[in-house]
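K.L.:
Below are the sequence and a predicted model; questions follow.
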Amino acid sequence: MDLPYAEPYKIKVVEPIYRSSRDEREIWIKEARYNLFNLRSDRVFIDLLTDSGTGAMSHYQWSEMMLGDESYAGSLSFHKLKDTIEEILGMPYFLPTHQGRAAENVLFSALIKAGDMVPGNSHFDTTKGHIEFRRARAIDCTIDEACNTHEYHPFKGNIDLEKLEAVFQKYPKEKIPLCIITVTCNTSGGQPVSMQNIREVSALCKKYGIMCVFDAARFAENAYFIKTREKDYEDKTIREIVREMFSYVDGATMSSKKDAIVNIGGFIALRDKAIFDKASVFNIMYEGYLTYGGLAGRDLGALAQGLKEGTGFDYLEARIGQVAYLGKKLRDLGIPIQEPTGGHAVFVDAKKFLPNVPREEYQAQTLAIELYIESGVRGVEIGTLLADRNPLTRQNRYPKLELLRLAIPRRVYTNNHMDYIVAALGNIWQRREKITKGFKIVSEAPIMRHFTVELERV
Ligand code: F0G
């Protein structure tokens with residue numbers, strides 16, 4: 001008999017979670033004004049709100065916490081991290097920041113000015129926010145296949161080279177400070193970018209003299225997909241693939257809360273000393289001195305260790321295998337999801353799941369609330385609430401996709417938890433025809449409304 005798959009780690013510390021009743025959850029979610037961000041975490045059984053900062057650190061990472069050097073300047077933990085970034089990413093310059101959006105804030109302060117254009121593949125919300133805040137524009141150049149959930153494409157995070165070149169031709173070089181490749185592309189479903197696409201985008205950027213940068217939050221998961229889906233890479237190690245990926249770009253912003261498996265942290269990696277010097281000034285102003293950047297020495301050490309573990313094949317196989325396991329079980333029930341499953345989450349297509357709920361009543365949010373009441377599982381809406389209003393007309397912006405994201409924290413849940421999620425969604429799937437009403441907004445903030453919006457049943 002073939003031996004079945006089993007995770008390459010065992011559990012040393014456990015955190016009890018409370019199995020609430022349906023009656024309790026109905027009261028709690030009403031009290032939370034039907035906004036899952038308002039729930040106290042002990043009222044959530046399985047928390048799939050995000051994979052960011054929610055991973056389980058290894059005992060090696062915890063020992064780094066003890067070894068942390070808290071010197072204000074020249075900390076040994078900083079040097080440990082600097083050496084690791086140079087070794088794994090091949091980038092000679094780096095600045096620590098407290099998380100990914102802080103890295104964006106610092107780097108964009110050095111590069112972006114009002115009126116600029118920043119092309120890329122479906123920029124993440126904070127990335128777009130930091131671009132628009134500077135009165136510049138984020139231009140989405142993702143391939144069209146990304147918007148068709150049932151169509152299989154191995155690299156739905158890819159940039160459409162024609163769309164990108166059209167941007168390069170339309171605007172003068174001075175107005176395009178950088179192009180951002182998000183690996184993997186969160187917004188399109190944790191979808192990877194192929195090495196070929198990275199190489200071609202990089203060449204196009206070089207041709208037009210434009211800087212090319214990774215949003216590298218999930219770079220290791222991207223490398224795993226290159227190894228398992230792209231021709232000529234199956235025999236390369238994850239580390240070799242990562243080195244090649246980074247060889248094509250001029251720098252990166254990183255949210256270490258994802259693929260470096262820490263609870264807080266980020267950084268900027270750069271190849272060019274002049275840009276590093278310019279960004280350093282903003283780092284000192286916004287984050288902290290150059291050798292700690294808003295983090296404790298112990299955080300820097302755990303981050304360095306996390307980068308090593310996060311780029312191990314066995315770890316990635318377990319991690320992405322669990323996401324694929326959940327996706328397959330949902331697919332077997334006929335539940336519509338973004339195909340194929342990406343690196344960090346399963347994205348359920350709420351438009352197809354709840355066709356009887358009008359779009360104006362927030363289909364993905366309705367599904368997220370149903371799932372919470374059914375099971376205590378907390379996912380997150382990636383749909384109309386998140387897309388917010390058009391700043392000029394104040395009308396709702398309806399995105400192409402209306403998704404419920406089930407983000408899986410790293411090394412935290414077992415496949416029994418996955419089975420529980422499948423059963424819960426399966427129950428809702430069976431009675432989906434009867435769900436015909438959604439929610440309406442009672443109050444909302446002028447920007448980033450999804451975090452604090454209050455809703456009531458229609
Ligand atoms: N870039 C990407 C692709 C992200 O997914 C995130 C965060 C950031 C940048 C910002 O990093 O949170 O450390 O400031 N994504 C989280 C999520 C919040 O739930 O997807 P941060």
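P.N.:
Thanks, I have it.
K.L.:
Next, count neighbours for whatever residue of the stretch 201-350 of the chain ends up closest to the ligand.
P.N.:
As assessed by Cβ to the nearest ligand atom, the ligand sits closest to residue 255 within the stretch 201-350 of the chain, at 3.2 Å. C-beta: built from backbone N, CA, C; applies to glycine. Burial of residue 255 is recorded as 28 neighbouring residues (other Cβ atoms under 10 Å).
K.L.:
doesn't residue 52 make contact with it?
P.N.:
Yes. Using Cβ atoms under 8 Å, residue 255 is in contact with residue 52, at 6.6 Å.
K.L.:
Mind listing the shared neighbours of the two?
P.N.:
residue 217 (Cβ atoms under 8 Å, 6 or more residues apart in numbering).
K.L.:
Report the buried residues of stretch 229-243.
P.N.:
230, 233, 236, 238, 239, 241, 242, 243 (16 or more other Cβ atoms under 10 Å).
K.L.:
what about that stretch, how long is it end to end?
P.N.:
Start-to-end span of stretch 229-243 (Cα to Cα, to the nearest Å) is 18 Å.
K.L.:
One more: stretch 396-412?
P.N.:
36 Å.
K.L.:
ok now that stretch, how far from the chain's centre?
P.N.:
10 Å (Cα atoms, centre = their mean, to the nearest Å).
K.L.:
separation between the nearest residue to the residue of the stretch 201-350 of the chain closest to the ligand once chain neighbours are set aside and the ligand?
P.N.:
Leaving aside its sequence neighbours, residue 255 sits nearest to residue 100 (Cβ to Cβ, 6 or more residues apart in numbering; 2.6 Å). Going from residue 100 to the ligand by Cβ to the nearest ligand atom, to the nearest Å gives 2 Å.
K.L.:
ditto for residue 66
P.N.:
Residue 66 is 24 Å from the ligand, where distance means Cβ to the nearest ligand atom.
K.L.:
In space, what's closest to that residue - neighbours in sequence excluded?
P.N.:
Sequence neighbours aside, residue 298 is the residue nearest to residue 66 in space, at 7.4 Å (criterion: Cβ to Cβ, 6+ apart).
K.L.:
I'd guessed that neighbour sits against residue 70; true?
P.N.:
Yes. The criterion here is Cβ under 8 Å, and residue 298 meets it with residue 70 at 7.4 Å.
K.L.:
neighbour count winner among these two?
P.N.:
residue 298 (19 against 10).
K.L.:
Identify the residues contacting the more buried one.
P.N.:
Counted by Cβ under 8 Å, 6+ apart, residue 298 has contacts 64, 65, 66, 67, 68, 70, 77.
K.L.:
who wins for neighbours among those?
P.N.:
Busiest of the contacts of residue 298 [other Cβ under 10 Å] is residue 77, holding 27 neighbours.
K.L.:
circling back to that earlier point, I'd say the residue nearest to residue 255 and residue 129 touch.
P.N.:
No. Counting by Cβ under 8 Å, residue 100 stays clear of residue 129, with 11.8 Å between them.
K.L.:
So for the two, which residue has more residues nearby?
P.N.:
Neighbour totals were compared for residue 100 and residue 129, and residue 100 leads with 25 against 17 (other Cβ under 10 Å).
K.L.:
I'd like the mean pLDDT over the longest helix belonging to the chain, please.
P.N.:
Determined from DSSP state H, the single longest helix within the chain is helix 313-332. Across helix 313-332, pLDDT averages out at 98.
K.L.:
before we move on, what about stretch 30-43?
P.N.:
The model assigns stretch 30-43 a mean pLDDT of 98.
K.L.:
hmm, who's touching that stretch?
P.N.:
18, 20, 24-25, 28-29, 47, 49, 365, 368-369, 372, 376, 378-381, 439, 442, 450-457.
K.L.:
Output the set of residues of the stretch 1-150 of the chain in proximity to the ligand.
P.N.:
Counting by Cβ under 6 Å from any ligand atom, the residues of the stretch 1-150 of the chain close to the ligand are 50, 52, 99, 100, 101, 124, 126, 127.
K.L.:
got the contact list for the fourth one?
P.N.:
This means residue 100. 126, 215, 217, 253, 254, 255, 256, 257, 266.
K.L.:
Which of these ranks first by neighbour count?
P.N.:
residue 256 (33 neighbours).
K.L.:
count of neighbours near the residue lying closest to it once chain neighbours are set aside?
P.N.:
Closest residue to residue 256 apart from its sequence neighbours, by Cβ to Cβ, 6+ apart: residue 265 at 3.8 Å. The tally of other residues near residue 265 (other Cβ under 10 Å) stands at 28.
K.L.:
distance between the ends of stretch 389-396?
P.N.:
This stretch, stretch 389-396, spans 4 Å end to end (Cα to Cα).
K.L.:
Ignore what I typed, I meant stretch 288-307.
P.N.:
22 Å.
K.L.:
Likewise for stretch 43-50?
P.N.:
Note: stretch 43-50 ends 16 Å apart using Cα to Cα.
K.L.:
Torsion angles phi and psi at the residue of the stretch 201-350 of the chain closest to the ligand?
P.N.:
phi -100, psi 100 (degrees, to the nearest 10).
K.L.:
dump the residue contacts of it.
P.N.:
Neighbouring residues of residue 255 by Cβ under 8 Å, 6+ apart: 52, 99, 100, 101, 103, 217, 266.
K.L.:
just curious, which of the residues you listed is nearest to residue 224?
P.N.:
residue 217 (14.3 Å; Cβ to Cβ).
K.L.:
Throw the contacts of residue 298 into TSV and include secondary structure and pLDDT, thanks.
P.N.:
Output for the contacts of residue 298, formatted as TSV (DSSP: H, G, I helix; E, B strand; the rest coil; pLDDT from 0 to 100):
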residue	secondary structure	pLDDT
64	helix	97
65	helix	96
66	helix	97
67	helix	97
68	coil	97
70	coil	98
77	helix	98
